[in-house]
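S.K.: using only what follows, build the 3D model:
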Amino acid sequence: MRIHVTFIDRVGITQEVLALLGGRNLNLEAVEMIPPNVYIDAPSLGPEVLEELREALHGVQGVQAVTVVDILPGQRRRLQLDALLAAVSDPVLAVDDSGHVLLANPSLTNLYGREPAGEPLSNLFDDPALAQTLIDRGFRLPMCEVAFKGQALLLDATPISSAADGGPGDLAGGLLTLYPPSRIGERLASLRHDGGEGMEALLGKSPPLKQLKARLRKVAGLDAHLLIRGETGTGKELVARACHTLSERRDAPFLALNCAALPESLAESELFGYSAGAFTGAQRGGKPGLLEMADGGTVFLDEVGEMSPYLQAKLLRFLSDGCFRRVGGDREVHVNVRVLGATHRDLEAMVGAGSFREDLFYRLNVLNLDVPPLRDRGQDILLLAGHFLDQACAQIQRPPCQLAPTTYPVLLGNRWSGNVRQLQNVIFRAAAVSEGDLIDCDDLELAGTALSPQQVDSLEVTSLEDAVQGFEKNLLQQLYAVYPSTRQLATRLSTSHTAIGQRLRKYGISR
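M.R.: Predicted coordinates:
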């Protein structure tokens, strides 16, 4: 039975309370003093003895109450700590200032094969010098790779202070957490995601975008490598993220690497990682690459056409059997990763010219998606412009504003060589410089539209549908004079002659 004695604190009162228990030959399993309270765990204390003991305790000067409790505070804290450690999926252990294990959670015990409490750290890690390094540096060590029971893991060390409030104090030990590289990959993926991961991030209702979404739904669930082709700024990474979100790998990391943004040596170490001592300045213990951190998930290689011949050969080897070696390493690493490549280059022409490996092209091009340019998504332009305007107003913290109807033909008539990225930049700049509630043509600062100012003035539109139809009619009138047959005009606009014929009849356009 466990009892709680509340008293008015005075010198010697604890000894008097314990003496009463000792005089009754009660075995005390635990005693916790938290003045003005004492908690006692006496397994042999029965109900009959309790009543007599309670009367005797009340006879002690200063004792106010004697109650029965289910558990002692210290025992409760230990159970809570055990539950907390058990809930942590990553291996965790606490060590004292001399490097001996104080406690470990079940994940660490299972990984080690037995309860490590009381053992020195040097017994746990394959590198015996690691324990002394941690002690010498006061358990303040940047995250590094370590070998634990032959397994490569990342170690995160946090010093533990002896101060009760967690503030500065003498070093009492350290808390060590071990992570598989994929756990760091999950953190990176969550930090880098932009909130729009799935199909909802692909805004638009135009036929080309509907076709892309329909094909995306089909290929996303097929666990094979994928090549995404499209002009710069069309949103190839958004398509890749949507593909990952729709796949069975959605709960695993999604990590991206721009192959054109890094020199060959840096791109290699970022993708494949490097071993300890691979080069001067390398991180102690080595560093996992994106492929290891994305194990079970997806790696997106943007501008894969810019890869050097050496990296192409190394990537080909990985795509063949899922194995690779780190920079400076001699150990084979095997991971399960789906690779999504993207390029704005004509890879077939590069294969013909010998600048891109034919075998790598076919490895990547198992499945493919073509992202349409913005100029082919006419009716999506104004939808995207409105979305980007709302985003820009929120970002720069200005009152909401709208696009004036006179801007519709200008936006629809531009060729948008930079595609969606260019449109987003134009709208952001307009929101930043405009002071009114309406964004007009001058605010857009956009040159190179396909329509003249006279044509803009002639389109008195008050709605999106009016703007689209007005632009379509003017465009067909201009081009029909140059391409005087439905087949020629259809070829020029990359559509069917039946669709051209229907539109010409709709707007009453004839030669």
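S.K.: which SS state does residue 4 fall under?
M.R.: strand (DSSP: H, G, I helix; E, B strand; the rest coil).
S.K.: wait, it sits on residue 66?
M.R.: Yes: with contacts counted by C-beta atoms under 8 Å, residue 4 reaches residue 66, the gap being 7.4 Å. Just so you know, the C-beta spots here come from the backbone N, C-alpha and C atoms, and that holds for glycine as well.
S.K.: strands of the stretch 151-300 of the chain, start to end?
M.R.: In order along the chain, the stretch 151-300 of the chain carries the following strands (DSSP state E, counting those that start in this stretch): 151-161, 171-179, 226-229, 254-258, 298-302.
S.K.: want to throw those into a markdown table with mean pLDDT, distance to residue 332 and mean neighbour count?
M.R.: Below are those laid out as a markdown table (pLDDT from 0 to 100; distance: least, C-beta to C-beta, whole Å; neighbours: other C-beta atoms under 10 Å):
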| stretch | mean pLDDT | distance to residue 332 | mean neighbour count |
| --- | --- | --- | --- |
| strand 151-161 | 85 | 12 | 17 |
| strand 171-179 | 88 | 22 | 19 |
| strand 226-229 | 96 | 25 | 23 |
| strand 254-258 | 91 | 21 | 21 |
| strand 298-302 | 95 | 18 | 25 |
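S.K.: which of those strands sits closest to residue 366?
M.R.: With C-beta to C-beta, the closest approach to residue 366 among the strands of the stretch 151-300 of the chain belongs to strand 226-229: 7.0 Å.
S.K.: what sits up against the closest one?
M.R.: The contact list for strand 226-229 (C-beta atoms under 8 Å, 6 or more residues apart in numbering) reads 219, 236, 239-240, 243, 304, 338-344, 347, 364-371.
S.K.: how about residue 49, nearest residue that isn't a chain neighbour?
M.R.: Leaving out its chain neighbours, the residue that sits closest to residue 49 by C-beta to C-beta, 6 or more residues apart in numbering is residue 24, at 6.4 Å.
S.K.: next up, phi/psi of the one you found, please.
M.R.: phi -100, psi 10 (degrees, to the nearest 10).
S.K.: one more: residue 308?
M.R.: Dihedral angles for residue 308 - degrees, to the nearest 10 - are phi -70, psi 160.
S.K.: how close does the residue of the chain most remote from its centre sit to residue 4?
M.R.: In the chain, the greatest distance from the average C-alpha position (C-alpha atoms, centre = their mean) is reached by residue 59, at 64.7 Å. Relative to residue 4, residue 59 is positioned 18 Å away (C-beta to C-beta, to the nearest Å).
S.K.: ditto for residue 293
M.R.: From residue 293 over to residue 4 the distance is 51 Å, taken as C-beta to C-beta.
S.K.: with neighbour numbers in mind, choose between those two.
M.R.: residue 293 (26 against 17; other C-beta atoms under 10 Å).
S.K.: so how far is residue 253 from the closest residue to that one other than its chain neighbours?
M.R.: Excluding its sequence neighbours, the residue lying closest to residue 293 (C-beta to C-beta, 6+ apart) is residue 185, at 3.1 Å. Note on residue 185: its distance to residue 253, by C-beta to C-beta, is 4 Å.
S.K.: common neighbours of those two, please.
M.R.: Common neighbours of residue 185 and residue 253 (C-beta under 8 Å, 6+ apart) are 293-295, 297.
S.K.: just name the closest of the residues you listed to residue 115, please.
M.R.: Using C-beta to C-beta, the shared contacts of residue 185 and residue 253 come closest to residue 115 at residue 295, 28.8 Å.
S.K.: could I get the pLDDT score of that closest one?
M.R.: pLDDT for residue 295: 92.
S.K.: just confirm it contacts residue 183, I think it does.
M.R.: No: the pair residue 295 and residue 183 does not pass the contact test of C-beta under 8 Å, sitting 9.9 Å apart.
S.K.: residue 257 bridge partners, please.
M.R.: residue 301 (DSSP bridges).
S.K.: my guess is it meets residue 304, correct?
M.R.: No: here residue 257 lies out of contact with residue 304, judged by C-beta under 8 Å, at a distance of 9.4 Å.
S.K.: any low-confidence regions in this protein?
M.R.: The chain contains residues with pLDDT under 70 at 163-169, 189-197, 277-285, 447-465, 511.
S.K.: report the buried residues of stretch 330-344.
M.R.: 333, 335, 337-344 (16 or more other C-beta atoms under 10 Å).
S.K.: distance between the ends of that stretch?
M.R.: Criterion C-alpha to C-alpha, to the nearest Å; first-to-last residue distance in stretch 330-344 is 35 Å.
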